[in-house]
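Enquirer: Here's a sequence, model it:
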Amino acid sequence: MSSDTQGNRPLSEEELQELVASSDAGARDPAGNVGLFLAIVAVLWSVFQVVLASPLSNYLLPGSVVNNSRQIHLAFAMFLAFSAYPALKSSPRNYIPIQDWIMGIAGAFLALYGYFFYQKIVDAGGLADDTDKWFALVGLLLLFEAARRALGPAMAIIATIFLAYVFFGSSEWVPEVIRWKGASLQKAMSHMWITSEGVFGIALGVSTKFVFLFVLFGALLDKAGAGNYFIKMAFGALGHLRGGPAKAAVVGSAATGLISGSSIANVVTTGTFTIPLMKRVGFSSEQAGSVEVASSVNGQIMPPVMGAAAFLMVEYVGISYVEVITHAFLPAAISYIALVYIVHLEAVKRNMPTLGDRVVSMGRTIGGMALFFVGFAGLCYGIQYPIKAIVALMPDASGLVLSALIVLAYLILLWLASGVEDLVPDDPNAKEVELPVIAEIYKAGLHYLLPIIVLVYFLMIEQKSPGLSAFWATSLLFVILLTQKPLKSIFRGESDTANAFMAGVTDLWNGLIDGARNMIGIALATATAGVIVGTVTLTGVGQVMADLVEFLSGGNLIAMLALVGLLSLILGMGLPTTANYIVVSSLMAGVVVELGAQDGLIVPLIAVHLFVFYFGIMADVTPPVGLASFAAAAVSGGDAIKTGFTAFFYSLRTVALPFVFIFNTDLLLIDVGWVQGILVAISATIAILIFTAGTMGWFLTKNRIYESVALILIAFALFRPDFFMNRIAPPFAQIEPAQLTQAVGEAAPGSTMRIEVAGPDFDTGNMTETTVVLDIPEGADGTARVDALGLMTLEEDGLVKLDEPMFGTPVADELDMFDYYADDAVRITSIQAPQSQPAKELIFIPALILLGLVAFLQRGRAAKQGEPA
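Expert: Model prediction:
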C-alpha cells in the first residue's frame with residue numbers, strides 16, 4: 001500500500017486490529033494462563049447474559065441474582081476494564097500489573113456491594129450508613145478510572161464535574177443561576193451508588209437487559225462470516241458502477257451497521273477493503289476515508305441496533321421498541337440513499353473509471369436491490385401467517401414444529417452454501433480486481449439471514465421484548481456457529497468433519513469473548529452516565545438548564561435547537577454515542593419540549609430524543625476528536641483532520657434531517673397511515689436527493705449558484721410542505737378565550753384544540769407561557785367537556801383565568817409549571833381551533849415544476865458541453 005503525498009503511512013492489518021481493540025475491546029491481551037483466565041471471565045459474562053435473557057432465567061438463576069443483575073453486569077465490566085485496558089500508553093500490554101489486579105477485584109466487589117449487603121440496605125430503608133458511604137465513594141472513584149481507561153478522559157471528567165456540583169453546588173464560586181443547597185456525602189452516595197437513581201439506574205438496566213444481547217448477536221454473526229458476505233454482496237451489486245467501490249462501501253457499511261454498534265469497528269471492518277479500491281478509481285485518501293466514515297457512523301442510526309440508544313429511548317420516552325425503530329427507520333434509510341448519491345455525484349464530477357469489465361445498467365442494479373429488500377421485508381412480515389396456522393392446528397406442539405421447520409430451512413440453505421466455495425476476503429491491492437458475481441456467491445451466505453429474520457419476526461410481528469428476541473436469534477447463531485462447518489464438510493463429502501466441528505467451537509468461543517469485550521465500554525458508559533442522570537434528579541439542575549438555554553437562545557426555537565445540537569457535538573467529542581445520548585437527553589429533551597410548547601410547537605418526545613442522538617453520533621466524525629475519522633485516516637494514509645472535515649461535509653444531510661423531523665413529524669411516521677406513509681417516504685427520498693444535489697454543486701451538470709439555491713428550496717418544500725401551506729391557508733382559526741366552553745362544545749369528540757396559557761412560573765415567578773393540546777372528550781355539552789379536561793375557568797376583568805387543575809385530569813401535568821397563587825393570574829390568552837386546509841402535498845406541484853425547469857436548463861447545458869450525466 002503506497003503512502004499518500006503527505007507522507008502518512010496507512011496502517012497494516014495487524015495495527016488496524018490493534019487500533020479497534022484498544023478503542024472497543026481493550027489493548028491488553030496477555031498470553032498463557034492469565035490470558036485464558038480473562039477469556040474464561042469474558043465467556044462467563046456472555047453466558048450469564050444469555051441465561052439472564054432466556055425465558056427460563058427465573059428457573060436457572062436464583063431470584064437474588066436476577067434482581068441484582070445490574071450489579072453483576074457492572075462487576076464483570078469493572079474487572080475486565082482494569083484487566084484489558086492499560087492505565088497509560090506506556091503501561092505493559094503483555095501482562096497485568098499487580099495494581100490492576102487489585103483495582104479490578106476491588107471494583108468488582110464494590111459493584112456487587114448492594115448484592116452482598118442487600119438485606120442490610122433494605123433494613124436501612126435504602127440509605128447508606130457511615131460505612132456504606134465510604135465503600136460507595138471508593139466504588140465511584142474506581143468506576144471513573146475504569147471509564148477513563150475504556151472511554152478516554154472526557155467521560156470521567158464530566159461525571160466528576162457533576163459529582164462535584166452535588167457536593168459544592170451551594171458554594172459562592174458557583175454562579176447563582178445554577179446554585180443549589182448541596183448534599184452531604186451520605187446523601188449523595190446513597191443516591192449515586194446504593195439506590196437505583198444513579199449508577200445502577202435505567203441506563204445500566206438497559207445495558208444489562210437488552211444491549212449486551214444485541215452486541216453479542218452482532219459479534220457472533222460476524223464470527224459466522226456474515227460481515228464478509230455482506231461486503232461481497234455489496235461489491236457484487238455495485239462495484240462495477242462508476243464510483244462503485246464507494247457505493248459498495250456505503251451499502252456494505254449499512255449492512256454491517258445492522259450488526260455493529262461501533263463506528264470505529266465498522267470503519268476498519270469494511271474500510272480495509274473499500275478504501276484502497278476507492279483510491280484506485282480516483283478518490284483522494286481523504287475522500288475515500290470520508291465516505292467510509294460517513295457510511296460507518298450512519299450505521300449507528302440504522303435500526304435495529306442503533307448503537308444501543310434505541311433501547312434507552314424505550315425507557316426514557318415510554319414507548320415500545322417497535323415504535324422507536326419505526327420512527328427511526330425512514331430518516332436513517334434516506335440518509336443512506338443520499339450518501340450513495342453523494343458518491344455517485346463525486347464519481348460523475350471526476351469522470352471516474354469503473355472497476356472490472358462487466359457492464360450492467362444502474363437502473364437494473366437499483367431495481368434488483370430494491371426487489372431484494374422488499375422481498376426480505378415481505379418474507380419477515382408474511383411468515384406470520386403460516387406460523388399462526390401451525391399454532392392454531394397444533395397449539396401444544398407448535399414450538400417443536402416451528403423449531404423443526406427452522407432447522408429444515410437452515411439445512412436446505414446450508415446445503416446450497418456447500419455447493420459454492422467458502423467466501424474469503426479479497427485483496428484490494430491485487431493487480432487485477434475481480435468483482436464478485438452475485439449469481440455465483442449469493443448462495444454462500446443465505447443462512448446468515450435466518451437469525452436476522454428470527455430477530456425481526458420476534459421484534460416486529462410477535463412484539464416480544466428486545467432481550468427475548470435477541471435471545472432466540474442468538475441461540476440460533478450458537479447452532480449455526482457450531483454446525484455450519486461440519487455440516488458443509490458432510491455435504492461436500494469431505495473427511496475432516498471433526499476438525500470442522502472444533503473450528504466451529506473455536507468460532508463460538510471467540511465470538512463470546514468478542515461480545516463481552518465489546519460491551520466493556522458500553523457498560524461503563526451507561527454506569528458513569530448514571531452519575532450525571534442522578535445529579536439531574538437530585539439537584540433539579542434540568543430546570544436550570546431550561547432557563548439557561550432559553551436565555552441564550554432568546555426564546556427562539558431554531559436558535560435553541562442549534563444550541564442543543566452544538567452541546568451534543570461538544571459533549572460527544574469525548575463521549576461514546578450511548579453516553580452522549582444519555583447525558584444530553586437527560587439535560588435537554590425536556591427543555592426542547594417545554595420551550596417548543598412556549599413557541600406553539602408541539603414536539604413529540606421521540607423526535608427530541610432522535611434529534612439529540614443524531615447530533616451525538618456526529619461527534620465521531622467531527623475534528624478534533626472524531627475517532628472514526630482517525631480510524632479511516634489510519635486505513636487510507638490520509639490526513640485525519642482533513643478526513644474529518646470532508647466527512648462532516650458528506651454528513652450534512654445527517655445534520656439537516658433532525659431539524660426537519662422536529663418541525664415535520666411525518667418524517668418519523670408519527671400518526672401516519674399506510675398511504676400517507678408511502679407518500680412521505682417517496683417525497684422525503686426525492687427531497688434528500690435534491691438537497692444533496694444542491695449542496696454538492698452538481699445535478700445533471702455543474703450547478704450555477706442560483707440553481708443550487710433553487711434545489712435546496714425545492715428540497716425544503718418537499719420536506720416541509722406545511723411551511724408554505726400554513727401561510728397560504730392557516731391550519732387554525734383564532735377564537736377568543738371567552739368562547740372556550742362554546743368552542744369545546746361544538747368540536748367533535750376525538751378532535752384536538754390548542755390553548756395558549758400564560759402566567760407566573762412556579763419556580764422563578766417570571767411570566768411564562770405554553771401551548772396545550774386538548775383532546776376533546778365525550779360530554780353532553782361544552783361545560784361537561786371542559787370539566788372533564790380539568791380546566792377550572794373564571795371570567796374576570798375581561799380575562800379568562802385558570803385555577804389549578806384537579807390532580808389526575810388530562811391537563812394537570814401540562815399546566816403544573818404555573819404558580820396559581822401568585823399576584824398575577826394564570827390565564828388563557830388564545831384558543832386555536834383546527835380549520836379545513838387544502839392538502840399540504842399540493843405544494844409538491846410547484847416544487848416539482850421548478851425542479852423540472854432546473855433539469856431542463858442543465859440538460860441543455862450538459863448536452864452542449866458533452867458532460868456525462
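Enquirer: which SS class is residue 436?
Expert: Per DSSP: H, G, I helix; E, B strand; the rest coil, the local secondary structure of residue 436 is coil.
Enquirer: quick one, what contacts it?
Expert: With contacts defined as Cβ atoms under 8 Å, 6 or more residues apart in numbering, residue 436 is in contact with 232, 233, 235, 236, 239, 426. Backbone N, C-alpha and C define where each C-beta goes, glycine included.
Enquirer: Which members of the residues you listed are the farthest-apart pair?
Expert: The two members of these with the most space between them (Cβ to Cβ) are 233 and 426, at 12.8 Å.
Enquirer: Of those two, which one has the most company?
Expert: More neighbours surround residue 233 than the other of residue 233 and residue 426, with 23 against 17 (other Cβ atoms under 10 Å).
Enquirer: ok, now which ones touch the more buried one?
Expert: 255, 436, 438, 441, 442, 445 are the contacts of residue 233 under Cβ under 8 Å, 6+ apart.
Enquirer: could those be laid out in CSV, adding pLDDT and distance to residue 686?
Expert: Formatted as CSV, those follow (pLDDT from 0 to 100; distance: Cβ to Cβ, whole Å):
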residue, pLDDT, distance to residue 686
255, 73, 24
436, 82, 31
438, 85, 28
441, 89, 33
442, 88, 30
445, 90, 33
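Enquirer: For residue 496, which non-adjacent residue is spatially closest?
Expert: Distance criterion Cβ to Cβ, 6 or more residues apart in numbering; nearest residue to residue 496, sequence neighbours excluded, is residue 489 at 6.1 Å.
Enquirer: so the one you found touches residue 497, yeah?
Expert: Yes. Assessed by Cβ atoms under 8 Å, residue 489 is found in contact with residue 497 at 4.7 Å.
Enquirer: neighbour-wise, which of the two wins?
Expert: Higher neighbour count among residue 489 and residue 497: residue 489, with 19 against 14, using other Cβ under 10 Å.
Enquirer: Need the three-state assignment for the more buried one.
Expert: helix.
Enquirer: what's the answer for residue 754, then?
Expert: Per three-state DSSP, residue 754 ends up strand.
Enquirer: Next up, the contacts around it.
Expert: Counting by Cβ under 8 Å, 6+ apart, residue 754 has contacts 600, 602, 732, 771, 772, 773, 774, 831, 832.
Enquirer: Quick check: it vs residue 589, distance?
Expert: Distance, residue 754 to residue 589, using Cβ to Cβ, to the nearest Å: 22 Å.
Enquirer: cool, residue 649 as well?
Expert: With distances taken as Cβ to Cβ, residue 649 is found 28 Å from residue 589.
Enquirer: more crowded one of the two?
Expert: residue 589 (24 against 14).
Enquirer: Report the secondary structure element holding that one.
Expert: Following DSSP states H and E, one finds residue 589 within helix 577-598.
Enquirer: ok, then the element right after that helix?
Expert: Following helix 577-598 toward the C-terminus (DSSP H and E): helix 605-618.
Enquirer: helices or strands up against that following helix?
Expert: For helix 605-618, the packing partners by 3 or more Cβ pairs under 8 Å, 6 or more residues apart in numbering; DSSP states H and E come out as helix 285-298, helix 309-317, helix 321-349, helix 557-572, helix 577-598, helix 652-663.
Enquirer: Now with 6 Å, please.
Expert: helix 309-317, helix 557-572, helix 577-598, helix 652-663 (3 or more Cβ pairs under 6 Å, 6 or more residues apart in numbering; DSSP states H and E).
Enquirer: ok, and what's touching that helix?
Expert: 297, 300, 309, 313, 317, 327, 565, 568-569, 572, 577, 580-581, 584-585, 589, 592-593, 658, 661-662, 665, 668 (Cβ atoms under 6 Å, 6 or more residues apart in numbering).
Enquirer: got the CA coordinates for it in PDB?
Expert: Extracted in PDB, the C-alpha atoms of helix 605-618 (Å, rounded to 0.1, in the frame of the first residue of the first chain):
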ATOM      1  CA  LEU A 605     -40.700  13.400  22.900                       C
ATOM      2  CA  ILE A 606     -39.300  10.800  20.500                       C
ATOM      3  CA  ALA A 607     -38.500  13.500  17.900                       C
ATOM      4  CA  VAL A 608     -36.400  15.300  20.500                       C
ATOM      5  CA  HIS A 609     -34.600  12.200  21.600                       C
ATOM      6  CA  LEU A 610     -33.700  11.300  18.000                       C
ATOM      7  CA  PHE A 611     -32.600  14.900  17.400                       C
ATOM      8  CA  VAL A 612     -30.100  14.600  20.300                       C
ATOM      9  CA  PHE A 613     -29.000  11.200  19.100                       C
ATOM     10  CA  TYR A 614     -28.300  12.300  15.600                       C
ATOM     11  CA  PHE A 615     -26.100  15.200  16.800                       C
ATOM     12  CA  GLY A 616     -24.400  12.900  19.300                       C
ATOM     13  CA  ILE A 617     -23.200  10.500  16.600                       C
ATOM     14  CA  MET A 618     -21.800  13.400  14.500                       C
END
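Enquirer: Now do that helix against helix 285-298, angle only.
Expert: 150 degrees (axes from the mean of the first three to the mean of the last three Cα atoms, to 10 degrees).
Enquirer: Specify the angle between helix 605-618 and helix 652-663 in degrees.
Expert: Going by the same axes, to 10 degrees, helix 605-618 makes 160 degrees with helix 652-663.
Enquirer: what does the average pLDDT come to for helix 605-618?
Expert: Averaged across helix 605-618, the pLDDT comes to 85.
Enquirer: Stretch 489-507 now?
Expert: Stretch 489-507 comes out at a mean pLDDT of 91.
Enquirer: ok now it, how far from the chain's centre?
Expert: Remark: stretch 489-507 is offset 38 Å from the chain centroid, using Cα atoms, centre = their mean, to the nearest Å.
Enquirer: how about the CA coordinates for that stretch, as PDB?
Expert: C-alpha atoms of stretch 489-507 as PDB (Å, rounded to 0.1, in the frame of the first residue of the first chain):
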ATOM      1  CA  SER A 489     -17.900 -30.800   5.300                       C
ATOM      2  CA  ILE A 490     -20.500 -33.600   5.300                       C
ATOM      3  CA  PHE A 491     -22.500 -32.100   2.400                       C
ATOM      4  CA  ARG A 492     -19.300 -31.800   0.300                       C
ATOM      5  CA  GLY A 493     -18.200 -35.400   1.100                       C
ATOM      6  CA  GLU A 494     -15.000 -34.300   2.900                       C
ATOM      7  CA  SER A 495     -13.400 -36.300   5.700                       C
ATOM      8  CA  ASP A 496     -12.400 -33.700   8.200                       C
ATOM      9  CA  THR A 497     -15.700 -33.200  10.000                       C
ATOM     10  CA  ALA A 498     -14.200 -33.500  13.500                       C
ATOM     11  CA  ASN A 499     -11.700 -30.700  12.700                       C
ATOM     12  CA  ALA A 500     -14.500 -28.600  11.200                       C
ATOM     13  CA  PHE A 501     -16.600 -29.000  14.300                       C
ATOM     14  CA  MET A 502     -13.700 -27.900  16.500                       C
ATOM     15  CA  ALA A 503     -13.200 -24.900  14.200                       C
ATOM     16  CA  GLY A 504     -16.900 -24.000  14.900                       C
ATOM     17  CA  VAL A 505     -16.400 -24.400  18.700                       C
ATOM     18  CA  THR A 506     -13.400 -22.000  18.400                       C
ATOM     19  CA  ASP A 507     -15.500 -19.500  16.400                       C
END
